[in-house]
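J.: Show me the folded form of this:
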Amino acid sequence: MELSYVHYQELPSEPHLTSLLALLAGLFSYQSSSEVQSELTYQYSRTGLQAILALADGQVIGCKLGYERKPGHNYSWLGGVHPDFRSHGIATELMRWQHGWCQQQGYQTIRTQTYNQWRSMLILNLRHGFDITGTLQGKHGLTIVLEKRL
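T.: Residues are numbered from 1 along each chain as shown. Okay, here's the model as predicted:
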């Protein structure tokens, strides 16, 4: 298996877009592939989008998507790794790529949100310097808000 990473400052091109949509629909089972695509397209048209993809033999097996929340502040919006590829440091590497890019662009903070049900993502964020800054009532339960100074 050949593992590589690619960074887009727009919606990924094919075949990565289709592979990304399949990954996200699998990770977030409450949304179909077409709903994910609509959300990605909307978010890109509204705020721009940056995507870091982890590829194994050309297939998207992990991702980290974000956008500018406001000047100087980035929002790490969606991310995850296919269950078959977890526990190999891929999520950490995706985060490292995203935070490095954000620093190069002059962002001072990065924010993310997660649910308690995704404890591994919560723990990963805490291990990499995020602080819990609050909670919100989200569509799927209590949302944990985290922020990190870059």
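J.: List the contacts of the helix or strand of the chain with the lowest mean pLDDT.
T.: Ranking every helix and strand in the chain by mean pLDDT, DSSP states H and E puts helix 33-47 at the bottom, with a mean of 82. Judged by Cβ atoms under 8 Å, 6 or more residues apart in numbering, the contacts made with helix 33-47 from elsewhere in the structure are 10-11, 17, 21-22, 24-25, 28, 31, 49, 65, 67-69, 77. In this view, the C-beta of every residue, glycine as well, is placed from N, C-alpha and C.
J.: those strands in this structure, which residues are they?
T.: Along the chain, the stretches classed as strands by DSSP state E are 3-8, 50-56, 59-70, 73-81, 109-115, 131-138, 141-149.
J.: In CSV: these, plus distance to H99 and mean neighbour count.
T.: Output for those, formatted as CSV (distance: least, Cβ to Cβ, whole Å; neighbours: other Cβ atoms under 10 Å):
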stretch, distance to H99, mean neighbour count
strand 3-8, 12, 14
strand 50-56, 10, 22
strand 59-70, 9, 21
strand 73-81, 9, 21
strand 109-115, 7, 19
strand 131-138, 15, 11
strand 141-149, 8, 16
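J.: Include distance to Q37 and mean pLDDT when you put those strands into JSON lines, please.
T.: As requested, the strands of the chain are exported to JSON lines (distance: least, Cβ to Cβ, whole Å; pLDDT from 0 to 100):
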{"stretch": "strand 3-8", "distance to Q37": "15", "mean pLDDT": "94"}
{"stretch": "strand 50-56", "distance to Q37": "13", "mean pLDDT": "96"}
{"stretch": "strand 59-70", "distance to Q37": "13", "mean pLDDT": "94"}
{"stretch": "strand 73-81", "distance to Q37": "12", "mean pLDDT": "94"}
{"stretch": "strand 109-115", "distance to Q37": "21", "mean pLDDT": "95"}
{"stretch": "strand 131-138", "distance to Q37": "21", "mean pLDDT": "94"}
{"stretch": "strand 141-149", "distance to Q37": "23", "mean pLDDT": "95"}
